[in-house]
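Student: quick one, structure for this:
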Amino acid sequence: MPPVEPGPPQGFPPQGSPPDQFLPQGFPPGPFPPPGAQYGYGPQPAPIYGRETNGIAIAAGVCGIIAVAVCWIPFVDYLSIVLGVLAVIFGIIGVRRADAYGSGRGMAITGIVCGSVGLAIAFVFLLLIFAVVSSANITGGAYP
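Tutor: Residues are numbered from 1 along each chain as shown. Down below sits the predicted model:
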């Protein structure tokens with residue numbers, strides 16, 4: 001008697017058949033590709049790059065905001081003067097670049113305004129401190 005080849009085990013599809021025909025009972029058919037389709041990802045789209053940012057305008061805005069925040073501190077307002085001047089300079093350059101490239105105009109204007117306000121408040125505080133110190137020196141350190 002010739003030997004008999006055993007068939008595939010119970011629950012497994014025979015070789016060469018599409019996988020969704022022979023699923024174990026109780027399982028819905030899976031999202032298998034149609035016969036002849038390839039597995040994997042399709043072609044990737046080309047990357048999309050954003051507009052160029054205006055770094056000088058961002059620097060103006062940051063310097064101006066820090067100048068306004070620091071100008072209220074009595075002996076640190078020297079830093080506010082430096083940052084205010086930088087904010088105004090960077091803001092003017094940033095507005096010119098924004099007109100040329102079309103990006104960052106609002107941040108440049110924020111730098112100009114905040115830098116100017118920080119400069120003004122810092123100068124007022126420095127004048128106030130100078131007046132208090134000079135009047136204390138005139139009276140000999142004691143208030144009348």
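Student: isn't Val88 up against Leu119?
Tutor: Yes. Counting by Cβ atoms under 8 Å, Val88 sits close enough to Leu119 to count as a contact (7.4 Å). Quick note: C-beta positions are derived from backbone N, CA and C, even for glycine.
Student: quick check: buried residues in the longest helix along the chain?
Tutor: The residue-count maximum for a helix in the chain (DSSP state H) belongs to helix 105-138. Applying a neighbour-count criterion of 16 or more other Cβ atoms under 10 Å, the buried positions in helix 105-138 are 105, 107-119, 121-122, 125-126.
Student: and for stretch 62-72?
Tutor: When neighbours are counted by 16+ other Cβ under 10 Å, the buried residues of stretch 62-72 are found to be Val62, Cys63, Gly64, Ile65, Ile66, Ala67, Val68, Val70, Cys71.
Student: what sits up against the host helix or strand of the fourth one?
Tutor: According to DSSP states H and E, Ile65 maps onto helix 55-70. Taking Cβ atoms under 8 Å, 6 or more residues apart in numbering as the criterion, the residues outside helix 55-70 that touch it are 76-77, 79-80, 83-84, 86-91, 93-95, 97-98, 103-105, 107-108, 110-115, 117-119, 121-122.
Student: by contact count, what packs against the helix or strand just after that helix?
Tutor: Reading on from helix 55-70 to the C-terminus, the next helix or strand found by DSSP H and E is helix 77-101. In this structure, helix 77-101 makes packing contacts with helix 55-70, helix 105-138, judged by 3 or more Cβ pairs under 8 Å, 6 or more residues apart in numbering; DSSP states H and E.
Student: turn those helices into TSV, columns for mean pLDDT.
Tutor: Putting these into TSV (pLDDT from 0 to 100) gives the following:
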stretch	mean pLDDT
helix 55-70	95
helix 105-138	90
